[in-house]
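1. let me see the structure of the following:
(one chain, ligands or ions: 1)
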Amino acid sequence: MTNRKYIVGNWKMNGMQAQLSDIAAIAEIAEQHGEIDVAICPPVTLIAAAATKCPQFAIGAQDCHQSSSGAHTGCVSAEMIREAGALLSILGHSERRADQYETDADVKAKAEAVKAAGLGAIICVGETEEERDDGRAVEVVCGQLEGSFPDEADADWLTIAYEPVWAIGTGRVPETSDVKEMHEAIRNKIGKLMGDGAEKVRILYGGSMNGGNAAELLSVPNVDGGLVGGSSLTADKFGPIIDAAAKL
Ligand SMILES: O=C(CO)COP(=O)(O)O
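-> Residues are numbered from 1 along each chain as shown. Here you go, the predicted structure:
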């Protein structure tokens, strides 16, 4: 495992075949910064083509099912995304915990399946604005982390992403002091959950990270990278974030 900064783009439900050129442009920028890790998680429909077009670049999925096969309409397994060329999967994104009613137990099972398939996992946790306003942000996030944490965790394949729900897609980011407090709490919780090696598990920040705020956010202790949505869709927007991480 490494303490290399890790910058991941979550394209969500954005991107058609025409946008493969954007992934190729981002891959070229990433290649110029061998000292950090960069990945793009496009819609599942683009994984195979992106991995073929950019064989040296990390392509990931945004989710996968916890089972390896069966009557799960519309789902794909960890083995299927790996066969398509994915090297990792985002799991437990707040947009799935809410819309799809995905539970901590679901996320934990998915993480175990991703590990079994030889993929990396980025487990997302984050509080709502109401939970933060009620002073329960750390309690909620650490509870999600505990419930979603895989049994045999290892920094070689497991990454955590802290994404305050109220900062996703809003242009709002927490105070630096709040990011510091939460990432420290997550680090401590990981230590309690896995013991040795916890210090090597990378913790990404996500939620309106952009070229203007990336350097500050990535300088916060225990912020080991970023999980970026809107600002990852083009090389013009994602490049400055990658550059900021490489300069740290
Ligand atoms: O949800 C996110 C990444 O998973 C963050 O999205 P934005 O960067 O668009 O706020």
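2. what's the spacing between the closest residue to the ligand within the chain and residue 95?
-> Minimum separation of the chain from the ligand (CB to the nearest ligand atom) falls at residue 229, amounting to 2.3 Å. The C-beta positions use only the backbone N, C-alpha and C, and glycine is treated the same way. Using CB to CB, to the nearest Å, we find residue 229 at a distance of 10 Å from residue 95.
3. same check, this time on residue 167
-> Remark: distance between residue 167 and residue 95 (CB to CB) = 13 Å.
4. which residues are contacting the lowest-mean-pLDDT helix or strand in the chain?
-> Within the chain, confidence by mean pLDDT, DSSP states H and E is lowest for helix 94-99 among all helices and strands, at a mean of 91. Outside helix 94-99, the residues within contact range by CB atoms under 8 Å, 6 or more residues apart in numbering are 12, 63, 102-103, 107, 124, 126, 163, 165, 168.
5. ok, which pair from these is furthest apart?
-> Farthest pair in the contacts of helix 94-99 (CB to CB) is 12 and 103. Separation: 20.8 Å.
6. tell me which of the two has more neighbours.
-> residue 12 (19 against 14; other CB atoms under 10 Å).
7. excluding sequence neighbours, find me the nearest residue to that one.
-> residue 229 (6.1 Å; CB to CB, 6 or more residues apart in numbering).
8. so which bits of this protein are right by the ligand?
-> The chain comes close to the ligand at residues 10, 93, 163, 168-169, 206-209, 227-231, as judged by CB under 6 Å from any ligand atom.
9. among these, the buried ones, what's the ChimeraX command?
-> Buried members of those, defined by 16 or more other CB atoms under 10 Å, are picked up in ChimeraX with:
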select :10,93,163,168,206,207,208,209,227,228,229,230,231
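10. tell me where the protein has helices.
-> Listed in chain order, the helices of the chain (DSSP state H) span 20-31, 47-53, 78-84, 94-99, 104-116, 129-133, 137-148, 176-194, 214-218, 235-247.
11. residues contacting the fifth one, please?
-> Which is helix 104-116. Helix 104-116 is contacted from outside by 63-68, 77-78, 88-89, 91-92, 97, 120-121, 123, 143-144, 146-152, 154, 157-158, using CB under 8 Å, 6+ apart.
12. and the closest residue to residue 38 other than its chain neighbours, how many neighbours?
-> In this structure, residue 38 finds its nearest non-sequential neighbour in residue 30, 3.7 Å apart by CB to CB, 6+ apart. Other residues near residue 30 number 24, with proximity taken as other CB under 10 Å.
13. kindly report the same for residue 44.
-> Residues within reach of residue 44, counting by other CB under 10 Å, total 18.
14. repeat for the one 5 residues further on
-> Here the number of neighbours of residue 49 (other CB under 10 Å) works out to 16.
15. residue contacts, the residue nearest to it when sequence neighbours are not counted?
-> Nearest residue to residue 49 in three dimensions, chain neighbours excluded: residue 20, at 5.7 Å (CB to CB, 6+ apart). Residue 20 makes contact with 46, 49-50, 53 under the criterion CB under 8 Å, 6+ apart.
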